[in-house]
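K.L.:
just to be clear, the model below is a prediction. Sequence and coordinates:
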Amino acid sequence: MEQIVQQIAAYTQEIQAFEPKTAEELEQYRIKFLGSKGIVKAMFGEMKQVPNERKKEFGQVLNSFKQLAEEKYAQFEELKNGAGEAQAAVDFSLPAELHRLGTRHPISLVRNKIIHIFERLGFTVAEGPEIEDDWHNFTALNLPENHPARDMQDTFYISKHPDWLLRTHTSSVQVRTMEAGKLPIRVICPGRVYRNETISARAHCFFHQVEGLYIDENVSFADLKQTLYHFVKELFGEDVRIRFRPSYFPFTEPSAEMDISCIICGGEGCSVCKHTGWVEILGCGMVHPKVLENCGIDPEKYTGFAFGMGIERITMLKYQIKDLRLFSENDTRFLEQFTGAI
Ligand code: PHE
């Protein structure tokens, strides 16, 4: 018994002095003391030689020995993960590797900016499905079947369902808002739209729009003009000039297209404005009485204006981007250039 206690005292000293530097040393320690054939286990094995009246006392000695051996191991456990060595190899004077943050897509930046301008005028955002039915995309908007104006927007139809299509504009969301019946209405409808066009530097089979709708009593064309004037000045600055040209859309009467003085050349004439000094940025008009009627709104009581613009076009002007395909190619060298808000 005395012999064993002495032995334990010697091992205790050994453990106390032990300071491993490597995972290997630690592992050897584990095998020696804590392994299934290790010293701790062997010492417990000696218990049976101890006379009964001293078993309790010896048990206490054994338990604290085991505890010590285990604590020592736990203290250096991180060596196992190589952390100790890695830490020793770190040079804290080296500059840190920078976290690479993502950037917002330029289309999102410009969309958010447009939304923000209209929100300050009291417009709220409305959204709707990208797969639409014929009624919301065309018929309700005064484009009955066989109407020639349907050809203005080459449409992708869903082959399994004759009535379904990919929306060609977010005017479909305006129809849904009008049908919901809560007046007055002041909404903007941002979203992705689809048209069957050949992909080139200036056209794509999908792009993004923001359309707007304002319906109340006594809304006039002057309100439309003033709203759009404000929008353009907020987006492009005070110096930009604006003009309206008469146009045609089945869902508005009268209809107009709006041009701004070319922000690349300031109106002098360049390749972007095709040497005219002007670029078209949106279509607009007073909501056609038939459209109001189709959506359950009394055209005798209410009038309204609507407008719609392509976000790609505006983004290209704003950042002088020459090829629309860059927006959807996910080339990070292109995307990384657009940091922060505009
Ligand atoms: N929906 C039209 C388009 O996609 C834009 C527009 C909206 C024109 C509202 C007039 C009024 O081209």
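P.N.:
Structure's in. What do you need?

K.L.:
okay but residue 107 is in contact with residue 310, surely?
P.N.:
No - because the distance of 10.2 Å does not satisfy CB atoms under 8 Å, residue 107 is recorded as not touching residue 310. Yep, even glycine has a C-beta here, placed from its N, CA and C like the rest.

K.L.:
which neighbours do those two have in common?
P.N.:
Contact with both residue 107 and residue 310 is made by residues residue 208, according to CB atoms under 8 Å, 6 or more residues apart in numbering.

K.L.:
quick one: stretch 304-320 to chain centroid distance?
P.N.:
In terms of CA atoms, centre = their mean, to the nearest Å, the centre of stretch 304-320 is found 21 Å from the chain centre.

K.L.:
excluding its backbone neighbours, what's nearest the residue in the stretch 51-200 of the chain that the ligand sits nearest to?
P.N.:
Proximity of the stretch 51-200 of the chain to the ligand (CB to the nearest ligand atom) peaks at residue 169, 3.2 Å away. Residue nearest to residue 169 in three dimensions, not counting chain neighbours: residue 193, with 5.4 Å by CB to CB, 6 or more residues apart in numbering.

K.L.:
which strand or helix spans that neighbour?
P.N.:
According to DSSP states H and E, residue 193 maps onto strand 185-194.

K.L.:
residue ranges with poor pLDDT in the stretch 151-300 of the chain?
P.N.:
Residue ranges of the stretch 151-300 of the chain with pLDDT under 70: 152.

K.L.:
show me what from it comes close to the ligand.
P.N.:
169, 171, 211, 249, 252, 283, 284, 285 (CB under 6 Å from any ligand atom).

K.L.:
can you put those residues in TSV and add neighbour count and secondary structure?
P.N.:
Formatted as TSV, those follow (neighbours: other CB atoms under 10 Å; DSSP: H, G, I helix; E, B strand; the rest coil):
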residue	neighbour count	secondary structure
169	24	coil
171	28	helix
211	24	strand
249	23	strand
252	25	strand
283	21	strand
284	25	strand
285	23	strand
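
K.L.:
before we move on, the earlier item: report the contact partners of the residue of the stretch 51-200 of the chain closest to the ligand.
P.N.:
Counting by CB under 8 Å, 6+ apart, residue 169 touches 137, 153, 193, 209, 211, 308.

K.L.:
which of those lies closest to residue 118?
P.N.:
Nearest to residue 118 among these, counting by CB to CB, is residue 211 at 10.7 Å.

K.L.:
so what's the closest one closest to, chain neighbours aside?
P.N.:
Closest residue to residue 211 apart from its sequence neighbours, by CB to CB, 6+ apart: residue 308 at 3.9 Å.

K.L.:
the one you found contacts residue 258, correct?
P.N.:
No - Residue 308 is beyond contact range of residue 258, at 10.7 Å (criterion: CB under 8 Å).

K.L.:
how about the secondary structure of the residue in the stretch 201-342 of the chain that the ligand sits nearest to?
P.N.:
With CB to the nearest ligand atom, the shortest gap between the stretch 201-342 of the chain and the ligand falls at residue 308, namely 2.8 Å. Secondary structure assignment for residue 308 (DSSP: H, G, I helix; E, B strand; the rest coil): strand.

K.L.:
that one: how many residues sit nearby?
P.N.:
Residue 308 is flanked by 23 other residues according to other CB atoms under 10 Å.

K.L.:
same deal with residue 265?
P.N.:
Residue 265: 14 neighbours (other CB under 10 Å).

K.L.:
on the three-state scheme, it is what?
P.N.:
Three-state call for residue 265 (three-state DSSP): coil.

K.L.:
OK, contacts around it?
P.N.:
Residues near residue 265 by CB under 8 Å, 6+ apart: 272, 273, 277.

K.L.:
do a quick rundown of the helices in the stretch 51-200 of the chain.
P.N.:
Remark: helices assigned in the stretch 51-200 of the chain by DSSP state H, counting those that start in this stretch are 55-75, 83-89, 106-119, 134-137, 171-180.
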